[in-house]
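Undergrad: Predicted model, plus sequence, below.
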Amino acid sequence: MRFIHILLCASALVFIPAVTRADSFQTIEAMPLDELWLNAGFYSYHFQKDINLDNNNIGAGVEYRYSTVHSITAGRFHNSDMQMSEYAAWYWQPFAWGPVHLGGLIGMIDGYPKAQNGAWFPLVLPVASVEYKRVGINLTVVPTYKETLYGSISVQLKLKVF
């Protein structure tokens, strides 16, 4: 548990200098890239503290950034309901504030027993990313949706392969 708190604090430390150095909020021009990032799942801080939810959402995923604005991602992780989930999504991040890229993702996810009985369902989420050399962080806010999806702030550490 202490490791997770250190990870969250380290994530915050990456975002704070990035934002304070930012000259202004700007729109990013889409330019070609060829980057492959790997991740080991997520850590989620859930808003519902009275439910036994798993914050350590360990798994494996890949993100292919093919432009400065667009990337695709897919993976598998142990979700908050203690089930396995698979996901596939497209990132669109056309805005920047210094090295912080802002936008959202649209995709599909499964494995949540109270959402579509564990079957695939669509997902649209806001995403902020910071990347520095070979290390990056994706941060997203998952809203609470009725009694089927529990809200959280989720952090994903990623490493660039090429």
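TA: Yep, that arrived.
Undergrad: Which residue, neighbours along the chain excluded, lies closest to Met31?
TA: Nearest residue to Met31 in three dimensions, chain neighbours excluded: Thr68, at 4.8 Å (Cβ to Cβ, 6 or more residues apart in numbering). C-beta coordinates here come from the backbone N, C-alpha and C atoms, glycine included.
Undergrad: right, and the helix or strand after the helix or strand of the chain with the lowest mean pLDDT?
TA: Taking mean pLDDT, DSSP states H and E as the measure, the chain has helix 2-21 as its least confident helix or strand, at a mean of 50. Downstream of helix 2-21, the next assigned helix or strand under DSSP states H and E is strand 25-27.
Undergrad: my guess is Ile72 contacts Tyr91, does it?
TA: Yes. At 7.2 Å, Ile72 counts as touching Tyr91 under the criterion of Cβ atoms under 8 Å.
Undergrad: what residues do the two have in common as contacts?
TA: Applying Cβ atoms under 8 Å, 6 or more residues apart in numbering, one finds that Ile72 and Tyr91 are jointly contacted by Glu63.
Undergrad: Settle it for me: which of the two has more neighbours?
TA: The residue with more neighbours, out of Ile72 and Tyr91, is Tyr91; 23 against 15, by other Cβ atoms under 10 Å.
Undergrad: Now the phi/psi pair for the more buried one, please.
TA: When read as degrees, to the nearest 10, the backbone of Tyr91 gives phi -90, psi 140.
Undergrad: hey, what's it bridged with?
TA: Going by DSSP bridges, Tyr91 is paired in beta bridges with Ser71, Leu105.
Undergrad: what's the answer for Ile58, then?
TA: Taking DSSP bridges as the rule, Ile58 bridges to Gly41.
Undergrad: Hmm, Ser80 and it touching each other?
TA: No. Contact criterion Cβ under 8 Å: Ile58 and Ser80 do not qualify, at 11.8 Å.
Undergrad: Which of the two has more residues huddled nearby?
TA: Relative neighbour count places Ser80 above the other of Ile58 and Ser80, with 26 against 11, counting by other Cβ under 10 Å.
Undergrad: Would you check how far apart that one and Ala128 are?
TA: In this structure, Ser80 lies at 20 Å from Ala128, with Cβ to Cβ, to the nearest Å as the measure.
Undergrad: Let me see the contact set for Leu105.
TA: Neighbours of Leu105 in contact, by Cβ under 8 Å, 6+ apart: 73, 89-92, 123-125, 127, 140.
Undergrad: typed the wrong thing, it's Ser129
TA: Contacts for Ser129 (Cβ under 8 Å, 6+ apart) come out as 91, 93, 100-101, 136-139.
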